[in-house]
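Engineer: Sequence and predicted structure, then a few things I'm wondering about:
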Amino acid sequence: MQTLFDRLKPEVKTLLEKEKEIYPHMIEDMYDHLKSTYYVIDLTYGAVIKLQGLDGMAGTSPFDMFLNR
């Protein structure tokens with residue numbers, strides 16, 4: 001079974017990589033969380049807020065940030 005990290009859409013992963021240059025510890029924590037989570041419903045509220053805080057992701061459903069596999 002693939003983790004949410006494996007299922008991240010490429011455009012979201014690109015945004016995370018850009019943010020990593022500015023906030024390396026926050027993004028590494030996010031990666032750790034995504035690598036240990038399999039279902040969107042299991043994301044923490046904080047993780048959802050951080051993902052929606054990425055440039056262009058405001059108001060995007062967390063379900064739309066991952067590939068359906």
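Structural biologist: That came through, no problem. All figures in this text were calculated on a predicted structure; none of them were measured in a lab. Residues are numbered from 1 along each chain as shown.
Engineer: name the element the residue nearest the centre of the chain belongs to?
Structural biologist: Central residue check for the chain by Cα atoms, centre = their mean: the C-alpha nearest the mean position is that of residue 51, 5.2 Å away. Secondary structure from DSSP states H and E places residue 51 in helix 45-52.
Engineer: which helices and strands does that helix pack with?
Structural biologist: Helix 45-52 is packed against helix 24-35, with contacts defined by 3 or more Cβ pairs under 8 Å, 6 or more residues apart in numbering; DSSP states H and E. (C-beta placed from N, C-alpha, C; glycine too.)
Engineer: what about the helix it packs on, average pLDDT?
Structural biologist: Regarding helix 24-35, the rounded mean pLDDT is 97.
Engineer: now the angle between helix 45-52 and it, please.
Structural biologist: Relative orientation of helix 24-35 versus helix 45-52 (axes from the mean of the first three to the mean of the last three Cα atoms, to 10 degrees): 110 degrees.
Engineer: related to what we said a few turns ago, hey, C-alpha coordinates of the helix holding residue 51 in CSV?
Structural biologist: Output in CSV follows, covering the C-alpha atoms of helix 45-52 (Å, rounded to 0.1, in the frame of the first residue of the first chain):
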residue,chain,number,x,y,z
TYR,A,45,-5.6,19.1,11.1
GLY,A,46,-2.2,20.8,11.3
ALA,A,47,-1.0,18.9,8.2
VAL,A,48,-4.1,19.9,6.2
ILE,A,49,-3.6,23.6,7.2
LYS,A,50,0.1,23.5,6.1
LEU,A,51,-0.8,21.8,2.8
GLN,A,52,-3.5,24.4,2.1
